[in-house]
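Participant: Using only what follows, build the 3D model:
(2 chains)
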Amino acid sequence: MIVDRADFPLLANHPELHYLDSAATSQKPRAVLDALLDYYRCDNANPHRGAYTLSARATERYHDARARVARFIGVRDMDRVIFTRGTTESLNLVATAWGYANVTAGDEIVITGMEHHANFVPWQQLARSVGAKLRICGLTADGRIDLDQFQALVGPNTNVAAFGHVSNALGTINPIAELSAIARRVGALVVCDGAQAAPHLPLDIDHLDVDFYAFSGHKMLGPMGCGVLVGKREILEQMPPYQTGGDMIEYVADERSTWNVLPHKFEAGTPNVGDAVGLAAACEYLDGIGMAKVREHERTLTASASERLSAIPGVRVYGPPAADRSGVVSFTVDGIHPHDLATILDEGQVCVRAGHHCAQPLMRRLDIPATARASFYIYNTEADVDALIRGVERAREVFG
Amino acid sequence: MSSEALYQELILEHNRKPRNFREIENADRTIEGRNPLCGDQLTLWVKMDGDRIADAAFKGQGCAISKASASLMTTAVKGKTRAEAEALFDRFHKLVMGQLPESEQASLGSLRALGGVSKFPLRVKCASLAWHALHSALENDEREVSTEREGPEPPPLEGA
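Facilitator: From the prediction side, this is the model:
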């Protein structure tokens, strides 16, 4: 065990719970809840208004939170770390603000068949609006991006390539350096959905060759409602804003306005300081463990769960071998629909996700309507795997 | 809540061997039903004889609850008039919502086996999908039925 379950109030309050749905959202350590409460108790004011000391303190807390998050993800220039509501908003920001200014009829946008809807639908809608072509890269039989096909799809008309770092439905860790290198050859914008990577893998974004990297705070111990978009400074500076209004402006004349500097240009309205402070506390907590240890812990549990599940007759585990996946085990049991399986597992207080995992294009490509997905995080142990296995055995008895 | 209340033997049996799991070639109505949240999908075929349901059959994929419900429904409505089938849907809907008094449950026959759904609110949609498709078929509304289109729970039948 790499963390104390007692550090997580929800888990402490439900000692019998086997929470295996951290790919959907993680539980929160006390340190994060305390940081949130502490901000609202001691320092809450509208930041960037500066007329009084309390507001200056709120501004400082927000600034410090950004600096802490930037350090966690390996970004030196913290002005290119934009707080958003989460991955979905981050990706919509890019597809909308950059997309409408730069993608035109005849252009091609390359995505992959394993994207979460958040990295699929914004591009699909952009392509439909401007008359661009959406090209979707196929997958290999074991649930990886087909690199040969990706290479073939990326051509002279490609001006965006968007792909996930880690698949939310299968856990596949994608070779993003290779993917971005292919996209770079034609000068395409490279967008990476890191929602399932930032919580689980050591990250060094300054050394990733991507133009945009998006992730959510709530999947990495932070509060819901706060996520991040990291962008290349020169691109962010040239782009039009996403939303307009308070905080993001410099001068507002009757006929026109000018924009504030980064990162504020992309943070219209009162910022979500409290949740940003919570996310910074989450980064602190994760760094305290060490992301290499986090990864190792998850790899062990994922390998064990995959092996033990595969040993049960009728169970099929999807995706590449466990070593090439994050803490996700997506599986089906012959003759038992994943929803029925989830209901039986719930009886043993095992929480898994069942369904299409917001990745319907992927499920079509795998030719299965749904899977059950168990996903692990730092607070899970082999005892959770035991409970999962017991639940699957029990379901097989019920439906046998 | 124990899952035994949900997965009664009759449900499991209809899941394993669904009745009327076939196409009707010369059907009067064909309706697609979907539960987008879980990916359940079924096609319902209905053959009418005047005002009476001469035959009803389905195919598709879904959980045990949705499959057993479609199987039990197609069996139960055969030979019923439109009004009788709609009245049955009304009682069935009340059953799975936990709103049908014990004294009225006997009239539902085998459909009673789905009464356990009322203790699993997340599964009400699974049990109702086939019935919503039937309702559309009887209304001669050929649009695809979705459990999500009209809000969290589709409204009950008018005048029911």
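Participant: Now do the same contact list for the residue in the stretch 1-150 of chain A that chain B sits nearest to.
Facilitator: Distance from chain B to each residue of the stretch 1-150 of chain A (C-beta to the nearest C-beta) is smallest for A:His117, at 11.5 Å. For glycine as for every other residue, the C-beta is placed from the backbone atoms N, C-alpha and C. By C-beta atoms under 8 Å, 6 or more residues apart in numbering or on different chains, the contact set of A:His117 is A:358-360.
Participant: restrict these to contacts with chain B.
Facilitator: Restricting those to those touching chain B (C-beta under 8 Å from any C-beta of the partner chain) yields A:Gln360.
Participant: any chance of the contacts of A:His117 in CSV, with pLDDT too?
Facilitator: Shown next, in CSV, are the contacts of A:His117 (pLDDT from 0 to 100):
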residue, pLDDT
A:Cys358, 90
A:Ala359, 91
A:Gln360, 89
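Participant: Quickly note the distance from the residue of the stretch 1-150 of chain A closest to chain B to A:Met363.
Facilitator: In this view, A:His117 and A:Met363 are 11 Å apart by C-beta to C-beta, to the nearest Å.
Participant: what does A:Asp38 give?
Facilitator: For A:Asp38, the distance to A:Met363 equals 43 Å [C-beta to C-beta].
Participant: give me the number of residues near whichever residue of chain B sits closest to chain A?
Facilitator: Proximity of chain B to chain A (C-beta to the nearest C-beta) peaks at B:Cys63, 3.9 Å away. B:Cys63 has 28 neighbours, counted by other C-beta atoms under 10 Å in any protein chain shown.
Participant: so who does it touch?
Facilitator: B:Cys63 neighbours (C-beta under 8 Å, 6+ apart): A:337-340, B:38, B:40, B:123, B:126.
Participant: Out of the residues you listed, which sit inside helices?
Facilitator: Using DSSP state H, the members of the contacts of B:Cys63 that fall in helices are A:338-340, B:126.
Participant: Compile these into TSV and extend it with columns for pLDDT, distance to A:Glu298 and neighbour count.
Facilitator: Listed next are those as TSV, based on pLDDT from 0 to 100; distance: C-beta to C-beta, whole Å; neighbours: other C-beta atoms under 10 Å in any protein chain shown:
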residue	pLDDT	distance to A:Glu298	neighbour count
A:Pro338	95	22	26
A:His339	93	26	25
A:Asp340	95	27	30
B:Cys126	93	32	29
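Participant: Which pLDDT value goes with residue 121?
Facilitator: Let's take chain A. Looking at A:Val121, its pLDDT is 98.
Participant: The intended chain is chain B.
Facilitator: 90.
Participant: What about it, how many residues nearby?
Facilitator: Look at B:Pro121: counted by other C-beta under 10 Å, it has 12 neighbours.
Participant: Equivalent analysis for A:Asp148, please.
Facilitator: Neighbour tally, A:Asp148, other C-beta under 10 Å: 11.
Participant: Quick check: it is in a helix.
Facilitator: Yes. Under DSSP: H, G, I helix; E, B strand; the rest coil, A:Asp148 sits within a helix.
Participant: Name the SS class of residue 33, please.
Facilitator: Because you didn't say which chain, this covers chain A. helix.
Participant: was after chain B, sorry
Facilitator: Here B:Gly33 is recorded as strand under three-state DSSP.
Participant: How far away from the center of its chain is the one helix or strand in chain B whose mean pLDDT sits lowest?
Facilitator: Averaged element by element with mean pLDDT, DSSP states H and E, chain B has its least confident helix or strand at strand B:145-146 (a mean of 76). Remark: strand B:145-146 is offset 13 Å from the chain centroid, using C-alpha atoms, centre = their mean, to the nearest Å.
Participant: For residue 23, which non-adjacent residue is closest in space?
Facilitator: You didn't pick a chain, so chain A it is. Leaving aside its chain neighbours, A:Ala23 sits nearest to A:Ser375 (3.5 Å; criterion: C-beta to C-beta, 6 or more residues apart in numbering or on different chains).
Participant: hmm, I had chain B in mind actually
Facilitator: For B:Glu23, ignoring the flanking residues on the chain, the nearest one in space by C-beta to C-beta, 6+ apart is B:Trp45 at 6.0 Å.
Participant: List the buried residues of the host helix or strand of that neighbour.
Facilitator: Using DSSP states H and E, B:Trp45 falls within strand B:40-49. Buried residues in strand B:40-49, counting neighbours by 16 or more other C-beta atoms under 10 Å in any protein chain shown, are found at B:40-48.
Participant: returning to that earlier point: out of the contacts of A:His117, list just those in helices.
Facilitator: Among these, the ones falling in helices (DSSP H) are A:Gln360.
Participant: Most neighbours out of the contacts of A:His117, which is it?
Facilitator: For the contacts of A:His117, the largest neighbour count, defined by other C-beta under 10 Å, is 26 neighbours, found at A:Ala359.
Participant: ok, now which ones touch it?
Facilitator: A:Ala359 makes contacts with A:114-117, A:120, A:167-169, as judged by C-beta under 8 Å, 6+ apart.
Participant: Top of those by number of neighbours, please.
Facilitator: Among the contacts of A:Ala359, the one with the most neighbours (other C-beta under 10 Å) is A:Ser167, at 32 neighbours.
Participant: Check the closest residue in space to that one that isn't next to it in sequence and give its pLDDT.
Facilitator: Sequence neighbours aside, A:Met114 is the residue nearest to A:Ser167 in space, at 4.7 Å (criterion: C-beta to C-beta, 6+ apart). For A:Met114, the model assigns a pLDDT of 97.
Participant: Quick check: phi and psi at A:Met114.
Facilitator: In terms of degrees, to the nearest 10, the main-chain angles of A:Met114 are phi -110, psi 10.
Participant: Surely it touches A:Asp142?
Facilitator: No. A:Met114 lies out of contact with A:Asp142 (C-beta atoms under 8 Å); the separation is 11.7 Å.
Participant: Between which two of the contacts of B:Cys63 is the distance greatest?
Facilitator: Across the contacts of B:Cys63, the longest distance by C-beta to C-beta is 13.1 Å; it joins A:Pro338 and B:Arg123.
Participant: B:Gln61 bridge partners, please.
Facilitator: When bridges are called by DSSP bridges, B:Gln61 pairs up with B:Gln41.
Participant: surely it meets A:Pro369?
Facilitator: Yes. Between B:Gln61 and A:Pro369 there is a contact under C-beta under 8 Å: 5.2 Å.
Participant: got any residues that touch both of those two?
Facilitator: Taking C-beta under 8 Å, 6+ apart as the criterion, B:Gln61 and A:Pro369 both touch B:39-41.
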